[in-house]
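Visitor: What follows is a protein structure lacking sequence information:
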């Protein structure tokens, strides 16, 4: 049975943080480097029985103009992609917290635009400029 649990990042224990870092992040990504120490925001973890199959997370972030956004990022095991798991996790975040702020989220890849929309959120896409800074696409 597939289940989604939403919890504060600060509640993740060390073994779950290591599992996410080692098996459920893109090597070299910002979150891959920060998962063991990140305490801000919420994470929705999707389990299939005893196996973590994916997650989505959010935290407050400010763009280059100082405008605050809730972020949305996700990761799903490669063999479980295209099954709606990222959207399921994002919908968990929507139900737990994101509905309070108008449902607008910053996303950092075109794929996440689709995930956010499927979960009922309103995404704004950001991309890195030539200097490595995030700007609105």
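Guide: Perfect, thanks for sending it. Everything quoted here is computed from the prediction, not taken from an experiment.
Visitor: Which helix or strand in this structure has the lowest average pLDDT?
Guide: helix 30-34 (a mean of 86; mean pLDDT, DSSP states H and E).
Visitor: Show me which residues of the helix or strand just after that helix are buried.
Guide: Later in the chain than helix 30-34, the nearest helix or strand by DSSP states H and E is strand 42-48. By neighbour count on 16 or more other Cβ atoms under 10 Å, the buried set for strand 42-48 is 42, 43, 44, 45, 46. Where C-beta positions appear, they are placed from N, C-alpha and C, glycine not excepted.
Visitor: what's near enough to touch the second one?
Guide: For residue 43, the residues meeting the contact criterion (Cβ atoms under 8 Å, 6 or more residues apart in numbering) are 6, 7, 8, 9, 12, 55, 56, 57.
Visitor: Surely residue 87 is in contact with residue 121?
Guide: No. Residue 87 lies out of contact with residue 121 (Cβ atoms under 8 Å); the separation is 9.6 Å.
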